[in-house]
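Chemist: generate a structure from the sequence data that follows.
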Amino acid sequence: MRSRHATLPIFAAVSWGVMFPVLASALTRVDALNLTTARYVLATAVLLALLLAREGVAALATQRRGVEVVLLGALGFAGFNTLMNLALGHAAPQQIALFAATVPLVTQFVRWARDGVRPRPALLGISLVALAGVGLVITRGRLDGLGQFGWGGLLMIGAVLGWAFYTHGASRFPEWSALRYTTLTAVAGMLAMLAASTVADLTGLQHAPAAADLVAIAPQLAYAVLVAAVLAVLAWNTGVRRLGPADAALFMNLVPVATFAVQILRGYRPVAVELVGAGLTIAALVAANLVTRTRSAAPATTVPEPVAVVDRPAVVDRSRWSDAEPAHSVGSRGGAAVSSA
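Modeler: Numbers count the residues shown, from 1 in each chain. As a prediction, the model looks like this:
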């Protein structure tokens with residue numbers, strides 16, 4: 001039942017929406033790079049254990065595609081998560097969530113650039129509407145609020161592009177399971193994060209967290225690892241396989257809804273123009289996914305194959321004939337012979 005399968009991407013999208021406020025609270029104690037690295041060191045360990053238990057050691061082989069796996073892992077896991085955490089230091093969680101919700105739309109343009117599959121003209125117009133909605137939320141409808149876009153918005157543009165390339169890259173590994181693709185690219189991304197954090201700590205760009213800091217953010221880290229990085233990703237990949245990418249992508253629009261709900265519960269009171277901007281962006285993203293889904297679901301025009309009509313010759317039992325009464329062929333109906341004696 002498709003409604004039952006829909007619970008998987010719903011769970012993933014809501015989990016990711018809640019994740020933004022959770023990570024924002026953790027960033028008060030741990031730097032962005034170190035938080036990202038700690039999260040994915042733990043998440044990768046869980047994913048590796050699941051992959052080995054399910055598919056065995058042979059699933060760790062990259063089959064001479066190691067360079068591609070490393071690049072995709074660096075773009076998707078290291079690039080998206082690091083830039084997102086850095087952006088949370090410059091923008092509110094609800095603003096970041098709106099950028100993250102544009103991933104399915106941006107993926108269409110990545111596909112256009114890489115595969116030559118041009119989006120429908122309607123998607124181009126819808127994308128501008130979605131960006132206008134994001135702008136309303138960030139600026140609160142005031143031109144002097146453009147300065148608030150700043151680093152947070154620029155970092156999220158890079159993060160969304162990285163995840164779009166990563167999502168598109170999954171289509172290049174159809175022979176791999178979702179768990180295998182996720183795990184191997186997560187390993188590559190984690191190693192890239194670990195290297196970046198080490199350099200940043202040694203050069204003084206950030207400070208390695210103390211044990212007390214890690215203990216203080218243990219609840220946030222547990223949620224970010226077990227729920228957002230493991231369960232949500234596996235639920236999402238499974239939902240995509242069962243529902244199809246176009247249908248599953250529609251649920252990404254729940255990400256900013258969940259984030260706004262959490263922020264409101266925490267005491268945030270959005271102004272009217274923010275709600276209008278959020279609603280505009282979500283409506284545009286829903287429309288974009290519906291346009292994509294309608295196109296992919298449109299049946300191809302087929303020409304019916306010609307059917308040969310053969311009138312089989314009558315089969316006559318000559319033993320029933322007499323010399324005085326020769327057989328006369330009466331005809332055939334629908335291929336069945338009829339004879340009179």
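Chemist: tell me the contacts of T44?
Modeler: Shown in contact with T44 (C-beta atoms under 8 Å, 6 or more residues apart in numbering): T183, A186, V187, M190. (C-beta placed from N, C-alpha, C; glycine too.)
Chemist: quick one: which of those residues is most hemmed in?
Modeler: Within these, most neighbours by other C-beta atoms under 10 Å means T183, with 27 neighbours.
Chemist: do you know how far it is from M19?
Modeler: As judged by C-beta to C-beta, to the nearest Å, T183 and M19 stand 20 Å apart.
Chemist: show me what contacts the nearest residue to D31 once chain neighbours are set aside?
Modeler: Among residues not flanking D31 along the chain, Q206 sits closest, at 3.9 Å (C-beta to C-beta, 6 or more residues apart in numbering). Taking C-beta under 8 Å, 6+ apart, we find Q206 in contact with D31, A32, L33, N34, S197, A200.
Chemist: what's the burial count for the first one?
Modeler: Summarising burial for D31: neighbours were counted as other C-beta under 10 Å, giving 21.
Chemist: which one of the contacts of T44 is nearest P104?
Modeler: Nearest to P104 among these is A186, at 20.8 Å by C-beta to C-beta.
Chemist: which secondary structure element of the protein has the lowest mean pLDDT?
Modeler: Least confident helix or strand of the chain, by mean pLDDT, DSSP states H and E, is strand 336-340 with a mean of 37.
Chemist: now do the helices in the stretch 201-341 of the chain.
Modeler: In the stretch 201-341 of the chain, the helices defined using DSSP state H, counting those that start in this stretch lie at 211-216, 218-222, 232-243, 245-249, 254-265, 272-297.
Chemist: if you could redo that for the stretch 51-200 of the chain, that was the one I meant.
Modeler: Under DSSP H, counting those that start in this stretch, the stretch 51-200 of the chain gives helices at 66-73, 81-88, 93-100, 103-115, 121-139, 150-169, 178-203.
Chemist: and those helices: which comes nearest A26?
Modeler: helix 81-88 (8.9 Å).
Chemist: what is the rounded mean pLDDT of the closest one?
Modeler: Across helix 81-88, the average pLDDT comes to 88.
Chemist: where does the protein have low pLDDT?
Modeler: Counting by pLDDT under 70, the ranges of the chain that qualify are 1-4, 138, 141-150, 244-247, 249, 289, 292-341.
Chemist: which of the residues in the helix or strand harbouring L33 are buried?
Modeler: For L33, the element it lies in under DSSP states H and E is helix 32-55. Neighbour counts over helix 32-55 (16 or more other C-beta atoms under 10 Å) mark 32-40, 42-44, 46-48, 51 as buried.
Chemist: likewise stretch 64-84?
Modeler: Residues of stretch 64-84 classed as buried: 69-84 (neighbour count, 16+ other C-beta under 10 Å).
Chemist: now do stretch 162-175
Modeler: Applying 16+ other C-beta under 10 Å to stretch 162-175 flags G162, W163, A164, F165, Y166, T167, H168, G169, A170, F173 as buried.
Chemist: same deal with stretch 225-240?
Modeler: Under the neighbour-count criterion of 16+ other C-beta under 10 Å, stretch 225-240 has 225, 227-230, 232-240 buried.
Chemist: can you put the residues you listed in CSV and add distance to G133?
Modeler: CSV is the format used below for these (distance: C-beta to C-beta, whole Å):
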residue, distance to G133
V225, 31
V227, 28
A228, 24
A229, 28
V230, 31
A232, 25
V233, 27
L234, 30
A235, 27
W236, 24
N237, 28
T238, 30
G239, 25
V240, 25
